[in-house]
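*Asks:* Sequence and computational prediction follow.
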Amino acid sequence: MFLRIDKLQIDMPVPKNPDPKAAAAVQELMGGRFGEMSTLMNYMFQSYNFRNKEKLRPYYALISNIATEELGHVELIAAAVNGCMYGQEPQGDMTKGDASFAHVLNTFPNLHSHIAFPHGAMPSNSMGQPWTGDYVFNSGNLVLDLLHNFFLENGARTHKLRVYQMTDNPAARQMLGYLFTRGGVHARAYALALEKLTGVQMAKMLPIPAVDDIELPESRKYMEEGWHRRLYRFTPKDSKDYMEMAGIWNGQHPDGGDLEVVDGPPQGGDMNDYEGISEAFTPEYKPEEIFEMATKLYEKAKG
Ligand code: MN3
């Protein structure tokens with residue numbers, strides 16, 4: 001089962017101004033073929049359908065635990081899309097009754113987000129095409145599935161770098177720096193799993209593309225903090241769940257530091273909050289009544 005912690009995996013800056021073009025590009029990393037919904041659902045279904053869990057614990061633990069981290073990556077992409085859509089200031093004036101979103105037609109190629117979603121993240125790619133279960137590969141053959149996962153992570157690296165090159169939005173780039181580092185960890189983990197299973201030196205192929213994490217300025221901060229050498233156990237500290245992945249995630253990173261399994265999730269960053277947009281009816285045109293009702297519920301919950 002899953003626990004939910006009301007935090008993001010890291011602190012995410014909010015861009016000063018709305019940047020819907022950056023949001024549209026980042027959408028590819030949500031619901032594209034190589035997006036976070038794909039890594040999440042590939043590893044999730046591989047863990048659901050895993051056979052001989054007891055005999056193959058280290059592999060099962062690795063795939064299951066990375067799946068959980070990916071759910072947090074989906075959340076981070078959503079936070080980045082929302083941040084880029086809103087910026088720090090609420091937009092528009094609901095009382096004017098003019099074409100408040102006319103500018104969107106010129107600046108934002110993903111109109112579906114403005115019409116069918118509350119100006120936020122969608123389970124779709126940068127063209128608004130929905131994510132599909134066809135992106136899930138789960139043959140049940142352990143070597144084949146691990147090889148696929150290695151391919152998926154390296155493909156995702158390529159897409160992250162392309163999105164990086166498409167936007168200079170500092171908030172989007174910080175999120176990319178973090179996810180690039182973590183995707184590198186996952187690619188390395190699947191490479192190690194394959195090496196220990198078959199003896200083939202997958203790590204000699206890394207990284208694909210041949211851009212080291214350190215070359216991304218926004219990744220450096222996370223590397224200085226050691227994120228590129230850690231796998232977190234996304235489970236309460238006092239549980240023993242997924243410990244067995246330490247049988248795979250051990251030894252040295254090429255930078256000389258030790259690979260480490262950390263007990264419990266990372267500390268996390270604050271969940272961002274955004275003002276509603278009245279002219280888009282989020283959460284309502286005149287939300288005061290809803291706010292008042294919620295205040296009463298909130299007081300009741302506090303006892
Ligand atoms: Mn990821």
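*Replies:* Okay, I see it. Residues are numbered from 1 along each chain as shown.

*Asks:* I'd like to know how far the most centrally placed residue in the chain sits from S278.
*Replies:* Nearest to the geometric centre of the chain sits H73, at 1.8 Å (CA atoms, centre = their mean). For H73, the distance to S278 equals 32 Å [CB to CB, to the nearest Å]. In short, each C-beta sits where N, CA and C put it, glycine included.

*Asks:* For whatever residue of the chain ends up closest to the ion, which residues are in contact?
*Replies:* Nearest residue of the chain to the ion: H73, at 3.8 Å (CB to the ion). The contact partners of H73, taken as CB atoms under 8 Å, 6 or more residues apart in numbering, are 9, 36, 39-40, 179, 182.

*Asks:* Next: Y190.
*Replies:* 62, 146, 149-150, 153, 202.

*Asks:* Recalculate using a threshold of 6 Å.
*Replies:* Listed by CB atoms under 6 Å, 6 or more residues apart in numbering, the contact set of Y190 reads 146, 149-150.

*Asks:* same deal with V262?
*Replies:* 230, 232.

*Asks:* who's it bridged to?
*Replies:* For V262, the beta-bridge partners are Y232 (DSSP bridges).

*Asks:* Point out where the protein drops to low pLDDT.
*Replies:* 90-100, 102-106, 108-109 (pLDDT under 70).

*Asks:* what ranges do the strands span in it?
*Replies:* 230-232, 260-262 (DSSP state E).

*Asks:* deepest of those, which one?
*Replies:* By mean neighbour count, with neighbours taken as mean count of other CB atoms under 10 Å, strand 230-232 ranks first of these at a mean of 21.

*Asks:* Check which helices and strands that strand sits against.
*Replies:* Contact here means 3 or more CB pairs under 6 Å, 6 or more residues apart in numbering; DSSP states H and E; on that basis strand 230-232 packs against strand 260-262.

*Asks:* what's the burial count for the nearest residue to E75 once chain neighbours are set aside?
*Replies:* Leaving aside its chain neighbours, E75 sits nearest to L8 (6.4 Å; criterion: CB to CB, 6 or more residues apart in numbering). For L8, the count of nearby residues is 20 (other CB atoms under 10 Å).

*Asks:* Dig out what L8 forms beta bridges with.
*Replies:* Under the criterion DSSP bridges, L8 forms beta bridges with G269.

*Asks:* is it true that it touches D270?
*Replies:* No: using CB atoms under 6 Å, L8 is not in contact with D270, being 7.1 Å away.

*Asks:* sorry, back to before: from F180, how far out is the residue nearest to the centre of the chain?
*Replies:* According to CB to CB, H73 and F180 sit 11 Å apart.

*Asks:* Repeat that for N169.
*Replies:* From N169 across to F180, the span is 15 Å (CB to CB).

*Asks:* do the same with Q174
*Replies:* Relative to F180, and taking CB to CB, Q174 is found at 11 Å.

*Asks:* Looking at these two, which is more packed in?
*Replies:* More crowded of Q174 and F180, by other CB under 10 Å: F180, with 24 against 20.

*Asks:* list the contacts for that one?
*Replies:* 160, 216, 219.

*Asks:* Repeat the analysis, applying 10 Å as the threshold.
*Replies:* 156-157, 160-161, 164, 173, 207, 211, 213, 215-216, 218-219, 222, 228 (CB atoms under 10 Å, 6 or more residues apart in numbering).

*Asks:* For the protein, which residues are neighbours of the ion?
*Replies:* 39, 70, 73 (CB under 5 Å from the ion).

*Asks:* let's see it at 6 Å
*Replies:* 36, 39, 70, 73, 179, 182-183 (CB under 6 Å from the ion).

*Asks:* and which of those residues is nearest to M85?
*Replies:* When the residues of the chain next to the ion are compared for distance to M85 (CB to CB), E36 wins out at 17.6 Å.

*Asks:* doesn't Y178 make contact with the closest one?
*Replies:* No: contact criterion CB atoms under 10 Å: E36 and Y178 do not qualify, at 11.9 Å.

*Asks:* Identify the contacts common to the two.
*Replies:* 73, 76.

*Asks:* Please enumerate residues in contact with stretch 135-143?
*Replies:* By CB under 10 Å, 6+ apart, stretch 135-143 touches 31-35, 37-52, 56, 59-60, 63, 144-145, 147-149, 151-152, 193-194, 197-198, 200.
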